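Enquirer: Got a sequence here, can you model it:
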Amino acid sequence: MEMESEQCTTKSIDCPNWRKTLRKHAQQGGICDVADLVPIPYEKVESWLKSYKDWKARLKYVQSELTYIPELTRTLHMVAAHSRGRRQETVLQTVIQRIQITEYEIPLLLSRIGLIDYAFSALTPEESKFVRLRYMDNLALSDAMSRLALSRRAFFYHRKRILHKIYMKIKDRAVLLDLESSQAD
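Expert: All right, here's what the predicted structure looks like:
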């Protein structure tokens with residue numbers, strides 16, 4: 001039933017009689033408002049939520065990696081003084097990698113994490129618990145349903161509503177979450 005109403009709303013945008021379809025959808029008990037006209041990429045939002053924990057761990061790792069510079073400064077001075085620097089040197093590769101991390105990867109990770117944190121501000125404490133259990137702790141559906149004391153139908157209703165809330169909060173800036181980082185997420 002949920003999939004039918006989801007498909008009905010999505011199809012209504014594409015078909016020529018979309019107003020009639022929305023009116024019929026509303027008469028059948030569906031919620032009919034302007035927000036229904038925006039197709040929600042549920043799988044994409046779920047992948048962002050599942051990646052959130054990895055993004056935080058990656059950010060912590062690259063920030064700690066930047067603080068560890070064994071003899072980098074001394075080696076750079078030696079290369080400059082003796083003019084024997086070669087392109088394949090590990091020191092040069094390390095410097096280039098750290099510049100990429102500083103200039104590209106850290107700001108991207110901070111933006112992604114900040115955007116998801118901003119989306120969490122739209123959620124109630126119960127919805128936040130749902131997101132934490134299902135996506136941050138990666139619990140299976142059955143385990144999450146039992147911990148939240150929800151039936152299967154109620155679980156999927158809440159899932160859809162929560163993902164809709166998150167997407168509507170960040171939809172204008174969602175392109176940041178789709179950018180590729182230099183490391184595989």
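Enquirer: which residue ranges form the helices in this protein?
Expert: Ranges of helices in the chain, per DSSP state H, are 2-14, 18-27, 42-67, 72-82, 90-100, 106-120, 125-131, 141-148, 152-170, 175-178.
Enquirer: D54 and I99, how far apart?
Expert: Distance, D54 to I99, by CB to CB, to the nearest Å: 23 Å. For every residue, glycine as well, the C-beta is placed using N, CA and C.
Enquirer: just L141 next, same as before
Expert: Distance, L141 to I99, by CB to CB: 43 Å.
Enquirer: about what we covered before: please produce JSON lines containing the helices of the chain, extended by mean pLDDT and mean neighbour count.
Expert: Shown next, in JSON lines, are these (pLDDT from 0 to 100; neighbours: other CB atoms under 10 Å):
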{"stretch": "helix 2-14", "mean pLDDT": "43", "mean neighbour count": "14"}
{"stretch": "helix 18-27", "mean pLDDT": "53", "mean neighbour count": "14"}
{"stretch": "helix 42-67", "mean pLDDT": "87", "mean neighbour count": "15"}
{"stretch": "helix 72-82", "mean pLDDT": "54", "mean neighbour count": "12"}
{"stretch": "helix 90-100", "mean pLDDT": "73", "mean neighbour count": "13"}
{"stretch": "helix 106-120", "mean pLDDT": "90", "mean neighbour count": "17"}
{"stretch": "helix 125-131", "mean pLDDT": "92", "mean neighbour count": "15"}
{"stretch": "helix 141-148", "mean pLDDT": "90", "mean neighbour count": "14"}
{"stretch": "helix 152-170", "mean pLDDT": "92", "mean neighbour count": "17"}
{"stretch": "helix 175-178", "mean pLDDT": "75", "mean neighbour count": "13"}
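Enquirer: Only alpha carbons, please: show stretch 48-67 as CSV.
Expert: Extracted in CSV, the C-alpha atoms of stretch 48-67 (Å, rounded to 0.1, in the frame of the first residue of the first chain):
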residue,chain,number,x,y,z
TRP,A,48,24.0,9.4,3.1
LEU,A,49,22.8,8.4,6.6
LYS,A,50,24.8,5.1,6.5
SER,A,51,27.9,7.0,5.3
TYR,A,52,27.7,9.6,8.0
LYS,A,53,29.6,7.4,10.6
ASP,A,54,32.3,6.6,8.0
TRP,A,55,32.6,10.3,7.1
LYS,A,56,33.2,11.2,10.8
ALA,A,57,35.8,8.4,11.2
ARG,A,58,37.6,9.5,8.0
LEU,A,59,37.6,13.1,9.1
LYS,A,60,39.1,12.1,12.4
TYR,A,61,41.7,10.0,10.7
VAL,A,62,42.9,12.6,8.1
GLN,A,63,43.1,15.3,10.8
SER,A,64,45.3,13.0,12.9
GLU,A,65,47.4,12.1,9.9
LEU,A,66,48.1,15.8,9.3
THR,A,67,49.6,16.1,12.7
